[in-house]
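Novice: Sequence first, predicted model second:
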Amino acid sequence: MTVYGESYVSSSITDPYLVPGDSFNVSILATNIPAFSGADSGGISGFDITLDYNSSILKPVAAGFAAPRCPLSDNCVFDMPVNDTVIVHQSVDSPAGTTRLSVVGLGPDHRPDLSRLQGQPATLFRALFAIAGNGLTSISIHQRSSQLTSLSGGCGNLLPFTVLDLSFDNRAPFSVSATPSRRTVQPGQSFTTLVNVSIVNSAGYGIVNLTLSNYVPPLYTKALYNFNPVSGSLNNSGSGRSFTSHLTINTNSTAPLGTYMLTIIGVIPATLFNRGFQQNLNFPLTLAHVFPMMTAPQASLSHGTIISQTLLGYSPDTNTSSLLASFTTNNSPTAGTAVTFAAIAVWCSSPPYTLHWNFGDGSTGNNNPASHSYPNAGTYNVTLSVIDTDGNNYSSSQQVAVANAQQSSNLDPVIISSIVVLFLLLSTVFLLIRRQNRSRRS
């Protein structure tokens, strides 16, 4: 992540091999920090940064700005003597989904030395995240409640900054679905099902090869199944987001009745740049005798009842939309203050998208990002509806808690410096009085 002193977070971590129980570090970096212009101006003297994430996917373990978690050798610029810094606030996953760290240097003589970095980004602190589940989440910096502090004329000065948020994604990189999702046929019959392979994230870029597993005797006597085509390319282009293949399966007329659990497998082979990935889809195939359906006798026919035969089948699964969307807010909403809603994670579908917001108080919007101000505190059910060019639609709702507006308070480095100076002055006066009293006694 980067906070540009601006500060930033690196763009994305996409790795389906990071599973619950694994962990990784996130470094919060600052770039474009004002250069030292004198003994009491320039540089950076403190920060107050709040991170937001989905706590069902990620659980922070620790956050630190000094060794051993964040040593000076790794460009962690606040790894200074303990007496040079004050921790104003430190909370890890409290409340759930939020981690905050606030540190300030004790005046002009206690601030990081950036001269050795020569234009490199400075690391403000590191957070260790444990993986709690699979999914997609952003690790974002709350810009409204975060700040960077510099010095100007020996006084604290808030630096303007922008952020680049991190996204973490350990979902399967592509999905495999079949329509219909299962079949029932008579022994000796053949059938065709449509297999769809769709990209989920960038780890799925590549050639996906299809094969069928568990297709063994006595279900067949010869290898009689076929994918057409047997492979397809997934990429970020409009036509490369997905491909379809027709799977034809033949059955043996003497195969025993029952359900056979076949597996449709999609594989991206490992390369120098990709560890490869395999996605499995269970495909139940049932062999059963189909009982004839009786129809009413036809008056015009003299040879008796007509027998009408209908194969048992399954309707296609209508819940196979690959259009997904969610949204985030960039701050902790308060009444009378604009809240920004941003749609995220629209994938496996055909752009452009039409968005509609229902902010839960009777107001609506169509922009992305969308801005809305709530006049009163309360809990509002915000719904985002998305429609792609193919007519697929998806809705996502979240409860947004809006608090009463209240005056925020920030710990100013100038106040800290003033308190330190006053303390030293009082200590000096106290020592002088004690010496005078001793002199009088002697």
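Specialist: All right, it came through fine. Keep in mind that what you see is a predicted model, and the values were worked out from it rather than measured. Residues are numbered from 1 along each chain as shown.
Novice: Could you give the secondary structure assignment for Pro217?
Specialist: Three-state assignment for Pro217 (DSSP: H, G, I helix; E, B strand; the rest coil): coil.
Novice: My error: substitute Val61 in the last question.
Specialist: strand.
Novice: tell me the contacts of the closest residue to it other than its chain neighbours?
Specialist: Once flanking residues are discounted, Val61 sits nearest to Leu128: 4.4 Å by C-beta to C-beta, 6 or more residues apart in numbering. Bear in mind the C-beta positions are built from the backbone N, C-alpha and C, glycine included. Shown in contact with Leu128 (C-beta atoms under 8 Å, 6 or more residues apart in numbering): Ser23, Phe24, Asn25, Pro60, Val61, Ala62, Ala63, Arg69.
Novice: these two touch, right, the fifth one and Val92?
Specialist: Yes. Between Val61 and Val92 there is a contact at 7.5 Å, judged by C-beta atoms under 8 Å.
Novice: who does the residue nearest the centre of the chain bridge with?
Specialist: Taking C-alpha atoms, centre = their mean, the centroid of the chain lies closest to Thr137, which sits 1.6 Å from it. With DSSP bridges as the criterion, Thr137 is bridged to Phe168.
Novice: That one contacts Leu58, doesn't it?
Specialist: Yes. Using C-beta under 8 Å, Thr137 makes contact with Leu58 at a distance of 6.2 Å.
Novice: average pLDDT across the helix or strand hosting Arg126?
Specialist: Assigned by DSSP states H and E, Arg126 falls within strand 122-131. In this model, strand 122-131 carries a mean pLDDT of 93.
Novice: same check, this time on stretch 83-98
Specialist: Rounded mean pLDDT across stretch 83-98 is 91.
Novice: swap in stretch 180-190?
Specialist: The average of the pLDDT scores along stretch 180-190 is 93.
Novice: Next, the buried residues of it.
Specialist: Within stretch 180-190, the residues scored as buried using 16 or more other C-beta atoms under 10 Å are Ser181, Arg182, Arg183, Thr184, Val185, Pro187.
Novice: Could you report the distance from the fifth one to Ile57?
Specialist: What it means is Val185. Per C-beta to C-beta, to the nearest Å, Val185 is found 41 Å from Ile57.
Novice: Kindly report the same for the second one.
Specialist: With distances taken as C-beta to C-beta, Arg182 is found 31 Å from Ile57.
Novice: Next: the first one.
Specialist: Using C-beta to C-beta, we find Ser181 at a distance of 27 Å from Ile57.
Novice: List the contacts of Gly42.
Specialist: Taking C-beta under 8 Å, 6+ apart as the test, what Gly42 contacts is Pro34, Ala35, Phe36, Ser150, Leu151.
Novice: one more time with 6 Å, if that's ok
Specialist: Gly42 makes contacts with Pro34, Ala35, Phe36, as judged by C-beta atoms under 6 Å, 6 or more residues apart in numbering.
Novice: Just send these back as JSON lines, with distance to Asn381 and pLDDT too.
Specialist: Formatted as JSON lines, the contacts of Gly42 follow (distance: C-beta to C-beta, whole Å; pLDDT from 0 to 100):
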{"residue": "Pro34", "distance to Asn381": "44", "pLDDT": "81"}
{"residue": "Ala35", "distance to Asn381": "49", "pLDDT": "80"}
{"residue": "Phe36", "distance to Asn381": "51", "pLDDT": "81"}
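Novice: Sort out which of the residues you listed are buried, if you could.
Specialist: Members of the contacts of Gly42 classed as buried by 16+ other C-beta under 10 Å are Pro34.
Novice: Take the contacts of Gly42 and keep only those in helices.
Specialist: Of those, none are assigned to helices by DSSP state H.
Novice: For the stretch 1-150 of the chain, just list every one of the strands.
Specialist: 2-4, 7-8, 12-14, 23-31, 46-52, 58-64, 85-91, 98-105, 122-131, 136-141, 147-152 (DSSP state E, counting those that start in this stretch).
Novice: re the thing from before, comparing Val61 and Val92, which shows the higher neighbour count?
Specialist: Val92 (17 against 13; other C-beta atoms under 10 Å).
Novice: quick one: the more buried one and Leu58 touch, right?
Specialist: No. Assessed by C-beta atoms under 6 Å, Val92 is found out of contact with Leu58, at 11.9 Å.
Novice: Give me the distance between the closest residue to Ala39 other than its chain neighbours and Pro81.
Specialist: Of all residues not flanking Ala39 in the chain, Pro108 sits nearest, at 6.4 Å (C-beta to C-beta, 6+ apart). Noted for Pro108: a distance of 16 Å to Pro81, by C-beta to C-beta.
Novice: With Gly276 instead?
Specialist: In terms of C-beta to C-beta, Gly276 sits 49 Å off from Pro81.
Novice: Would you enumerate the residues in contact with Trp12?
Specialist: Let me fix one detail, which is that residue 12 is Ser and not Trp. Ser167.
Novice: Apologies, that question was intended for Thr221.
Specialist: Asn252.
Novice: hmm, try it at 10 Å
Specialist: Asn250, Thr251, Asn252, Ser253, Thr254, Ala255 (C-beta atoms under 10 Å, 6 or more residues apart in numbering).
Novice: can you tell me how far it sits from Thr254?
Specialist: Distance, Thr221 to Thr254, using C-beta to C-beta: 8 Å.
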